[in-house]
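1. Sequence first, predicted coordinates after that:
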Amino acid sequence: MIYGAIDIGTNAARLLIGQVTKNNGHSYVKKISYTRIPLRLGLEVFEDGIISLKKEKEFVKTMQAFKLIAEVFDVAGLRCCATSAMREAKNGKEIKEHIEKEVGVKIEIIGGKEEADIIFSTFFLLNIDKDSPFIVIDVGGGSTEISVFEDGQKVAGKSFRVGTIRMMKHKESKQIWKSMKKWIADHVDGSVQHKVFATGGNINKVHKLLGKQHMEPIKYRELDELHDKLAALDVDQRAEKYQLKPDRADVIVPACEIYLYAMTCLKSTEMFVPKIGLSDGIIHQLHANAEKNKAKKGS
């Protein structure tokens, strides 16, 4: 069964067409088609608190295109989730209702906890030791989610209002860094070694820029050195030297800073990049729900 997942993020909107399949006994989300549009809702929301009429029109066109692509692949199910920017836009609910009426696709504005839970549902498809303690850091345009897992169970999680677009607009609270450091100190047992995983478009790009192989970890030193090289250039120079899209070249530096800070608080020397995100989690959940329904009908 093929499914469609739409992720309306703070920096970009994404459509993933995929299916859950198996390889060597392990399930994974197979990507059939992937479309990314640099919608950048957060640039307006974090500055003015609302989504403008011009941006709303771009949003409508994006959703119309996504719906048509999903129809081409004849998806068995389509789910759309919107995150930080839509959560904070004063006219977010109004925009959501207009798009649902205009395009015919339901939009769910989800909280940070649900966003993290959807992403992490896919982690248990990965060929990793789920019983050993691990931590997942997900950095987006508007928020950063940190979750702690022990014995295969999530024991703590927190969404922090700091992200790449928010930092670009200088809209993060001065206290957020102290808050993150304190939360980590309170909820992560420093005497126990935790494996650290990082998710998000920026860390995926960093992993590629560093020439890493699948699931080869990024060392703190490597990330710190790349950050310094990127920060020394302006956005145009970064885009040219590292072959980055404009909407990646400007956010990659603040993304590195958030990951580096979290790693410092965790006293972590490396982190792994599984290259999964919200849309992968949506596909997995759509598949899981279909399997449950199939089993109910069978019984």
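-> Structure received.

2. When you work out contacts or count neighbours from here on, use the C-alpha atoms and nothing else.
-> Fine.

3. I'd guess residue 216 is in a helix, am I close?
-> No - assessed with DSSP: H, G, I helix; E, B strand; the rest coil, residue 216 is coil; it does not lie in a helix.

4. quick one, what contacts it?
-> Counting by C-alpha atoms under 8 Å, 6 or more residues apart in numbering, residue 216 makes contact with 272, 273.

5. Please apply the same query to residue 248.
-> Residues near residue 248 by C-alpha under 8 Å, 6+ apart: residue 202.

6. Quick check: buried residues in stretch 255-267?
-> By 16 or more other C-alpha atoms under 10 Å, the buried positions in stretch 255-267 come out as 255, 256, 257, 258, 259, 260, 262, 263, 265, 266.

7. Let me see the contact set for the third one.
-> The contact partners of residue 257, taken as C-alpha under 8 Å, 6+ apart, are residue 227.

8. sec struct for it, please.
-> Per three-state DSSP, residue 257 ends up helix.

9. Could you measure from it over to residue 220?
-> Distance, residue 257 to residue 220, by C-alpha to C-alpha, to the nearest Å: 11 Å.

10. same thing with the second one?
-> Counting by C-alpha to C-alpha, the gap from residue 256 to residue 220 is 10 Å.

11. Overlap of the contact sets of residue 257 and residue 220?
-> Counting by C-alpha under 8 Å, 6+ apart, nothing touches both residue 257 and residue 220.

12. What distance do you get for residue 233 to residue 241?
-> Counting by C-alpha to C-alpha, the gap from residue 233 to residue 241 is 9 Å.

13. And the two? Which one has more around it.
-> When residue 233 is set against residue 241 and neighbours are counted by other C-alpha atoms under 10 Å, the residue ahead is residue 233, at 13 against 10.

14. How about the backbone phi and psi for that one?
-> phi -110, psi 160 (degrees, to the nearest 10).

15. on that earlier part again, need the buried residues of stretch 255-267 in JSON lines (columns: distance to residue 44 and pLDDT).
-> Formatted as JSON lines, those follow (distance: C-alpha to C-alpha, whole Å; pLDDT from 0 to 100):
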{"residue": "255", "distance to residue 44": "19", "pLDDT": "98"}
{"residue": "256", "distance to residue 44": "23", "pLDDT": "98"}
{"residue": "257", "distance to residue 44": "22", "pLDDT": "98"}
{"residue": "258", "distance to residue 44": "22", "pLDDT": "98"}
{"residue": "259", "distance to residue 44": "24", "pLDDT": "98"}
{"residue": "260", "distance to residue 44": "27", "pLDDT": "98"}
{"residue": "262", "distance to residue 44": "27", "pLDDT": "98"}
{"residue": "263", "distance to residue 44": "30", "pLDDT": "97"}
{"residue": "265", "distance to residue 44": "31", "pLDDT": "97"}
{"residue": "266", "distance to residue 44": "33", "pLDDT": "96"}
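
16. I'm done for today, thanks for sticking with me.
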